[in-house]
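# pasting the sequence and the predicted model now:
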Amino acid sequence: MGRVGKAGAVLMVLVVLGAPLAAGEELSGVFQWMLKLECHFLNGSDRVRLVERFIYNREQLVQFDSDLGHFVGDTPFGEIQARHWNSQPELLEEGQVQVDTFCRHNYEASTPLLVNRRGERGAERVPSAPALGMTL
C-alpha cells in the first residue's frame with residue numbers, strides 16, 4: 001500500500017468515525033486532509049532528513065521521521081495508525097527510499113537555481129529605500 005493508499009485509508013476511517021462537535025459549534029461540513037513532506041538538509045545533501053506529517057482538520061495525527069525510521073502517533077487515533085503502519089516493513093522501507101527519490105532528487109534539481117545565484121562582479125549595489133515606519 002503506497003502513500004496514497006495510506007492517506008485514503010486514514011481518510012475513510014475518519015469519515016466513518018466523523019469529527020466530534022467543538023464546544024457547541026456546528027461543523028462546517030468541510031474536512032481537510034493534508035500530507036506535508038519536509039526535507040531537512042544538513043551540510044548540503046550529505047545528511048538529509050525527511051519528515052512526513054499526516055494532518056486532519058489542522059491536527060497532526062501521525063508523522064514519519066526518516067531519522068527514527070518509523071511512524072510516531074501524535075494523537076490516540078494516530079498512535080493506532082502508527083502501530084499498524086510500523087507493522088508493515090514495506091511502508092517503513094518506502095519512507096527511507098523517499099529520502100533519495102524525493103528529497104535528494106529535488107535538492108539536486110533546485111540547487112543550481114537557488115544556491116549558485118550571484119550578482120555580476122563589479123556591479124554596484126544600490127541601497128534599498130528604508131522600510132516604512134523606520135526612522136533614520
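Yes, it's here.
# tell me the strands in the chain, going along the chain?
33-42, 47-56, 59-65, 70-73 (DSSP state E).
# indicate which one of those strands is closest to residue 95.
Ranking the strands of the chain by proximity to residue 95 (C-beta to C-beta) places strand 59-65 first, at 4.9 Å. Heads up, the C-betas are built off the backbone N, CA and C, glycines and all.
# adjacent strands (with direction) for the closest one?
Next to strand 59-65 in the sheet, as set by DSSP bridges, lie strand 47-56 (antiparallel), strand 70-73 (antiparallel).
# weakest of those in terms of mean pLDDT?
Across the strands paired with strand 59-65, strand 47-56 has the smallest mean pLDDT, namely a mean of 91.
# buried stuff in that one?
By 16 or more other C-beta atoms under 10 Å, the buried positions in strand 47-56 come out as 48, 50, 52-56.
# same list, the residues you listed, but as a markdown table with distance to residue 36 please.
Output for these, formatted as a markdown table (distance: C-beta to C-beta, whole Å):
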| residue | distance to residue 36 |
| --- | --- |
| 48 | 17 |
| 50 | 11 |
| 52 | 7 |
| 53 | 4 |
| 54 | 8 |
| 55 | 6 |
| 56 | 12 |
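# check contacts around residue 42.
48-49 (C-beta atoms under 8 Å, 6 or more residues apart in numbering).
# give the bridge partners for it, please.
In this entry, residue 42 is beta-bridged to residue 47, by DSSP bridges.
# tell me the one of the buried residues of strand 47-56 nearest residue 76?
residue 56 (12.9 Å).
# buried residues of stretch 98-115, list them for me.
98-99, 103-104, 107.
# ok so, going back, dump the strands paired with strand 59-65 into CSV; add distance to residue 85 as well.
Compiled in CSV, those are given as follows (distance: least, C-beta to C-beta, whole Å):
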stretch, distance to residue 85
strand 47-56, 10
strand 70-73, 5
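# among those, which comes closest to residue 86?
Residue 86 lies closest, by C-beta to C-beta, to one member of the strands paired with strand 59-65: strand 70-73, at 4.9 Å.
# just the buried residues of the closest one, please?
71, 73.
# flag the least confident of the buried residues of stretch 98-115.
Lowest pLDDT among the buried residues of stretch 98-115: residue 107, 78.
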